[in-house]
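**Student:** have a look; sequence and predicted model below, questions after that.
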Amino acid sequence: RVLAELLYGEVTMRQFGDLDFLVYRDDVALATATVRELGYRSQLALTNSQESAFLSIGYERVFDSQFGRNLLEIKWKVLPPFYAIDFDVEKIFLRSGSVDIEGVNVPTLSAIDLLLVLCVHAAKHGWEKLWWLCDIGALSARALDWELIQRQACQLGVQRILGVNFSLANRFLGTAIPATVAAYIQKDVRVILLANKIAAQIEGCRSCDVTSKAYFHQFTGFRERRMDRGRFWWRLVATPGVGEWNAVRLRNPRSVLYGVVRMWRLARRVMRAR
C-alpha cells in the first residue's frame, strides 16, 4: 500500500497481497507480541532459545489471520542472510522518509534504498511479476542521485543485479537506462546475457522454483564479485535453519552440529534430484 501511494499516488494503482514491516532487530519481540494481540498467528512454533537463535539465522516472521495465510511479515533484515547481500538496516532507518496514507505519516525507505531493495527483490524471485519492473521504472523517473546509487550498489555487490533490472525494464517497458547504469552494463558483458535469459523466462511464462539447484546457480551468476559468490554458497550450505531444528532435536539450537545436519540434508536433496 505504501508503494502504491509513493510511486503512483493512489493505493488502487498497485496490487499487493501482504503487509511487510521492517523493524529493528531488538524490536522484533515487541512487534511480534503486538500483531499477535491483533489476532495474527505465526507459522513457526519456536522455543524461547530457538526464538533467540532465529534472529541470527532468519530474517522475517510470517503471520496468518482468520482472513488468510501470509498476510503480514515482520522483517529485521531485507533478505535471508545466505544471499550475502547485507543491507545495513540501521542506516536504512537513518535515511528513511515518510509517506502520507489517509492523514497518517507512515515511515518508508528512502528513494535510493527503495530502488536497490526493489531490484534485489525482483532478482530474488526471478522476475516472476512484471509489475516489479513497473515499480522500478516509476521510481527511476524521479530525480535521483545515480552516482550515489551506483556507489551503494557497488558496496553491496549488486551492480550486476541493478544492470539486469534496467535492461529488462528497458526491454519490456521502455524505461530509460540511467547513464551510470548504462556505463556499468558496457563494462560487464554478463548483464546482457543474463537479461536475455531472464527475458526468455518471462516471455515463456516460466515460474521460478526458488528451492531448486538451477535457481541457486542462476542467482550466483547475478553477483559480480567472486567473494560474494563464495559467501553465497558458504552461507547457503553451512547456515542451519528451522528445517534442521525439526529434523534433529538438540538442546542448543546454536549447536555447530546443526551445520553438519544442514549439509547432510542438502546432500540428500541433490542426490534425489539426480
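**Tutor:** Received, thanks. Numbering: from 1, shown residues only.

**Student:** now the strands for the protein?
**Tutor:** Applying DSSP state E to the chain gives strands spanning 19-22, 41-42, 60-65, 68-75, 97-101, 104-108.

**Student:** name the stretch among these that sits most buried.
**Tutor:** Counting by mean count of other C-beta atoms under 10 Å, strand 60-65 has the highest mean neighbour count of the strands of the chain, with a mean of 18. (Glycine included, C-beta is placed from N, CA and C.)

**Student:** within the sheet, what are the partner strands of it, with directions?
**Tutor:** strand 41-42 (antiparallel), strand 68-75 (antiparallel) (DSSP bridges).

**Student:** contacts for the first one?
**Tutor:** Think strand 41-42. 32, 36, 61, 62, 63, 64, 65 (C-beta atoms under 8 Å, 6 or more residues apart in numbering).

**Student:** just give the number of residues close to the first one.
**Tutor:** Here the number of neighbours of residue 32 (other C-beta atoms under 10 Å) works out to 17.

**Student:** begin at 41 from here
**Tutor:** All right, first residue 41 from here; so that's residue 72.

**Student:** does it touch residue 114 like I think?
**Tutor:** Yes. Between residue 72 and residue 114 there is a contact at 6.3 Å, judged by C-beta atoms under 8 Å.

**Student:** shared neighbours, these two?
**Tutor:** With C-beta under 8 Å, 6+ apart as the test, residue 72 and residue 114 both reach residue 101.

**Student:** quick revisit: would JSON lines of the strands of the chain with mean pLDDT and distance to residue 200 be doable?
**Tutor:** Formatted as JSON lines, the strands of the chain follow (pLDDT from 0 to 100; distance: least, C-beta to C-beta, whole Å):
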{"stretch": "strand 59-62", "mean pLDDT": "92", "distance to residue 200": "25"}
{"stretch": "strand 81-82", "mean pLDDT": "92", "distance to residue 200": "35"}
{"stretch": "strand 100-105", "mean pLDDT": "92", "distance to residue 200": "25"}
{"stretch": "strand 108-115", "mean pLDDT": "91", "distance to residue 200": "24"}
{"stretch": "strand 137-141", "mean pLDDT": "86", "distance to residue 200": "27"}
{"stretch": "strand 144-148", "mean pLDDT": "89", "distance to residue 200": "26"}
